[in-house]
Each structure stands twice: as structure tokens, then as C-alpha cells.
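A.B. asks: Okay, here's the prediction I keep looking at, along with the sequence it came from:
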Amino acid sequence: MLDIKFVRENPDAVKENIRKKFQDAKLPLVDEVLELDRKNRAAITEASELRASRNALSKEIGKLMGMAKKDPSKLDEAEKVKAQVKAQADRLAELEVIEDECAKRIREIMLLIPNIIDPSVPIGPDDSHNVEVQRFGEPKVPEFDIPYHTAIMESFDGVDMDAAGRVSGNGFYYLMGDIARLHSAVLAYARDFMIDKGFTYCIPPFMIHGNVVEGVMSQSDMDAMMYKIEGEDLYLIGTSEHSMIGKFIDQIIPEASLPKTLTSYSPCFRKEKGAHGIEERGVYRIHQFEKQEMIVVCKPEESMDWYEKMWRLSVELFRSMEIPVRQLECCSGDLADLKVKSCDIEAWSPRQQKYFEVCSCSNLGDAQARRLKMRVKGEDGKMYLPHTLNNTVAAPPRMLIAFLENHLQADGSVTIPEVLRPYMGGKALLVPNK
């Protein structure tokens, strides 16, 4: 969310940013919010003047009532002044209604106006215009055919989609045996990887209040993603970033404690609305999964350095598991409204012979901090808004697709890279049951 002062002083820049995000339908909102802001500030000014006048008149009434003991004619003057005070009180009540209505609508609009994107972001209407920046590791295609990922899992008796459908419906799964163990091993390794990088490990709440949801994500993302608990002001989190950033709501953070570098585990719950192609069936796009996340809260001048560090940590993690990846810069039209800059880390799929998303790294500037009223107290005593960033560490079972395809052997076995063996009971190879 932008600062209304910034919009007031830079309306053309805000409109140009909206155009760069291909959201022209939002252009009238800028003029609307500026008119509401003008009306609101006028009401605040008039109300302030009336309160000052009312205070002065109240004192005058007191003097007149005192003088009336000697001069009864002063009572009439006092009554006239009282009438003035009454009229001012009525006008004040009207102005307070105007202020409340304006403030409410201004916030509604400001939640819809997108954040200012970084100048380095490529311009394009959708994800087809995202730009590959660089590759890490050599993508290989084996000489044998690679089955669909659920077929690989089924060869280990490692997945049961039918039973999950009977129990929970589409978009759910049972993982079992070596596949379930591999799932947990990846998460445990990702956790320890981040701890070794100096991040503090956290397990956050898996449900959050509506004001936190509003603070961490855009309205459109909220409607498309979040499950609400019926009858309560609670939502199931779509990623632990939501509750981890929410941890700092209404807080004043000492500058000396920055940066906050946190890595969090959680289950994640998402509606995943819309139809998806065959490549997004199985356990690729699901309603429930587990995830290790990284979150940084830092000084504004440090956020781009952290952005660079964070996506590189994802690359390092995947390369340590011998999975080729690439960095893909997200274009303007593919950025969620709160994001200043974002990139995806995509893993190589030997079966599809293309890359697919496994991590998403984002710099949100001060948007979440402004919405959540997070502040930092500097050494000079002045308050400012921190910047927030987030990135996926590992999100199985989706990343299991990349893992299984890249480690599958011609005989159906799956190799375990050295870094994961301690988490797999020392196993170097998984042998299929069928």
C-alpha cells in the first residue's frame, strides 16, 4: 500500500505505474482517492477550527454567567453563545461522519492501488513475458522415458490419490513409505540449511485474523487463495509468510535488532481456483502442502541486497540436491500488487524438457509494513517503515516432482544425493516395489 502523501504529490507516477502493470481499469481510482483526500483534509481542518472556537466560546459562556450575577442582561448573551456552541457541535458531528466515510473509502482504494515497481522490472502483461536471467546446472534428458510423477511415486507405493479423493476430495493426497520419508527429509534438510545460513527457525500459527490477511496480501489474492473458518475471524494460512510478517503487526522494532532473518515451517492451505492442465494434476497444484519459508525484515536501503541473497540461497539449496534450476525475472503484469520486484526459481523437468516454478522470491518494499503498522525506531529516535521480503526454501510435494525426475534411473530406482542421506537413514538409493 502506498503512502497517500506520495499519491498526492506524484499522481502521474502512480498512474504510469498502473499502466505498466496493465491495470488501466484502476486509473480512475487515483483521481477518486485524491478528491476524497482533499475532502477529508478540508473536513479535518474545519473540525479543528471548530473545536478551537468551541473551547473559546465555552470559556466566554463561563465569564458571561459569572457576570450575570451583577448584570442579568448577560444571561441573554450567554444563551446566544450557547446556541453558537450547539450549532458548532452539530457541524462537528457532520464533519466526523465525513471524516469516517472518507477515511474508510480512502483505505479501500489504497488497498487496490498497486505498489510502485522497481525500475529494473521487465514490462509485460502476463507471465509469458517473464525473462530468464541465468541457469545453474546442466539440464539433462535421459535416454529412457520418464513416467508422470504420480506413476513414479506409485512404483514405490508412495502415493494414494484415490483414497484421498474419497476422504477429502480432489486436490488432496496420501504420501507413504519412502516417498513420505523423502518429503520429510527435504523439509528437514531445508530447515537445517537455513539455520546454517544464520536464519532463526520458527513454527508460526497456522491460522490468522482477517486484519493480518489484509495486511500481508492483496484482496484479489485473498479471495482466490484463503480458506476462512466459518463463524470466526480466522483464516488458514496459504504460506507461513502470512503469520510470520503478521508477527510484527502494530509493533515498534528497535533498529539495532534488524535485520530479522527467519525461516519458518508450516502446512499451507490454498483454494487453487480455476481449471489446470494435465501437467498440474497429481501433487503439483493441491489444496494442502508443507513448506519451509524464509522471511526478512530489514532497513529500506538493505532490501535489494537481501533480495539478491535470498534467491541465491534457493539456487544453492537446489544445486546441493543436484537439481538444475534457472532464475526467471517476473514482469510487471505478473507481479502481485504489493510487490516491488519478484523472481521465480524454476527447476528442470527432464520429462517435460522444460523448467517449472519451485520457489518465488519477492521484495515488497514497505507495503506490508504500512498496512500492518510496523515501525522501526532509529537511533535518532525517528520512526520509519521497514521493508519485508519472502522466499520459498522448499515446498514439497511439488519439489518432489523435480527431485524424482532428476534422480530417476533407468531401472526405476531413485538416487539420494549425499546431503539428504542423513535424513533418509543413510540410504543412497530408493528401490521401487513394482
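C.D. replies: Nice, I can see it.
A.B. asks: give me the low-pLDDT residue ranges for the protein?
C.D. replies: By pLDDT under 70, the low-scoring segments of the chain are 58-79, 81, 273-280.
A.B. asks: can you do 50?
C.D. replies: Within the chain, the stretches with pLDDT under 50 are 275, 278.
A.B. asks: where's Trp175 relative to Val33, distance?
C.D. replies: No, residue 175 isn't Trp; it's Leu. According to Cβ to Cβ, to the nearest Å, Leu175 and Val33 sit 48 Å apart. Every C-beta, even on glycine, is put in place using the N, C-alpha and C of the backbone.
A.B. asks: More neighbours: the two, which one.
C.D. replies: More neighbours surround Val33 than the other of Leu175 and Val33, with 26 against 20 (other Cβ atoms under 10 Å).
A.B. asks: Which of the helices or strands spans the more buried one?
C.D. replies: helix 27-67 (DSSP states H and E).
A.B. asks: So which elements touch that helix?
C.D. replies: helix 4-9, helix 11-20, helix 74-110 (3 or more Cβ pairs under 8 Å, 6 or more residues apart in numbering; DSSP states H and E).
A.B. asks: Would you mind putting these into CSV with mean neighbour count and distance to Asp344 alongside?
C.D. replies: What follows is the helices and strands packed on helix 27-67, written out as CSV (neighbours: other Cβ atoms under 10 Å; distance: least, Cβ to Cβ, whole Å):
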stretch, mean neighbour count, distance to Asp344
helix 4-9, 14, 28
helix 11-20, 16, 19
helix 74-110, 15, 28
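A.B. asks: so which of those comes closest to Thr392?
C.D. replies: Closest to Thr392 of those is helix 11-20 (Cβ to Cβ; 25.6 Å).
A.B. asks: how big is the angle separating the closest one from helix 27-67?
C.D. replies: 140 degrees (axes from the mean of the first three to the mean of the last three Cα atoms, to 10 degrees).
A.B. asks: Can you tell me which helices and strands helix 11-20 packs against?
C.D. replies: helix 27-67.
A.B. asks: if we can go back for a sec, distance between the helix holding Val33 and the chain's centre?
C.D. replies: 38 Å (Cα atoms, centre = their mean, to the nearest Å).
A.B. asks: could you give the angle of it to helix 74-110?
C.D. replies: 160 degrees.
A.B. asks: circling back: make JSON lines out of the helices and strands packed on helix 27-67 and add distance to Asn55.
C.D. replies: Putting those into JSON lines (distance: least, Cβ to Cβ, whole Å) gives the following:
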{"stretch": "helix 4-9", "distance to Asn55": "29"}
{"stretch": "helix 11-20", "distance to Asn55": "37"}
{"stretch": "helix 74-110", "distance to Asn55": "10"}
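A.B. asks: Show the end-to-end separation of stretch 1-13, please.
C.D. replies: 15 Å (Cα to Cα, to the nearest Å).
A.B. asks: how far is it from where the chain is centred?
C.D. replies: 22 Å.
A.B. asks: try stretch 346-353
C.D. replies: Counting by Cα atoms, centre = their mean, stretch 346-353 comes out at 27 Å from the chain centroid.
A.B. asks: That stretch: end-to-end distance?
C.D. replies: 12 Å.
A.B. asks: Quick check: buried residues in that stretch?
C.D. replies: Glu346, Ala347, Trp348, Ser349, Pro350, Arg351 (16 or more other Cβ atoms under 10 Å).
A.B. asks: Contacts for it, please.
C.D. replies: 137, 139-142, 146-149, 279, 318, 323-328, 354-358, 399, 401-402, 405-406, 408 (Cβ atoms under 8 Å, 6 or more residues apart in numbering).
A.B. asks: Out of those residues, which sit inside strands?
C.D. replies: Counting by DSSP state E, the contacts of stretch 346-353 place Val325, Arg326, Gln327, Leu328, Lys354, Tyr355, Phe356, Glu357, Val358 in strands.
A.B. asks: Out of those residues, flag the one nearest to Leu187.
C.D. replies: Val358 (13.6 Å).
A.B. asks: Check the gap between the closest one and Arg281 for me.
C.D. replies: 17 Å.
A.B. asks: Same question for Leu27.
C.D. replies: 39 Å.
A.B. asks: go on, Ala336?
C.D. replies: On the measure of Cβ to Cβ, Ala336 and Arg281 end up 25 Å apart.
A.B. asks: Around Trp306, count how many other residues there are.
C.D. replies: Neighbour number of Trp306 under other Cβ under 10 Å is 22.
A.B. asks: Next, it: secondary structure please.
C.D. replies: Three-state call for Trp306 (DSSP: H, G, I helix; E, B strand; the rest coil): helix.
A.B. asks: in the stretch 301-434 of the chain, which spans are helices?
C.D. replies: 303-320, 367-372, 398-407 (DSSP state H, counting those that start in this stretch).
A.B. asks: would JSON lines of the ones you listed with distance to Ile123 be doable?
C.D. replies: Supplementary listing: the helices of the stretch 301-434 of the chain in JSON lines, determined by distance: least, Cβ to Cβ, whole Å:
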{"stretch": "helix 303-320", "distance to Ile123": "19"}
{"stretch": "helix 367-372", "distance to Ile123": "20"}
{"stretch": "helix 398-407", "distance to Ile123": "29"}
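A.B. asks: To Thr392, which of these lies closest?
C.D. replies: Closest among those, using Cβ to Cβ: helix 303-320, at 6.8 Å.
A.B. asks: In the closest one, which residues are buried?
C.D. replies: Ser303, Met304, Trp306, Tyr307, Lys309, Met310, Trp311, Leu313, Ser314, Val315, Leu317, Phe318.
A.B. asks: Leaving out sequence neighbours, find the closest residue to the last one.
C.D. replies: Same thing as Phe318. Val325 (4.8 Å; Cβ to Cβ, 6 or more residues apart in numbering).
A.B. asks: and that neighbour, how far is that from Gly137?
C.D. replies: In terms of Cβ to Cβ, Val325 sits 6 Å off from Gly137.
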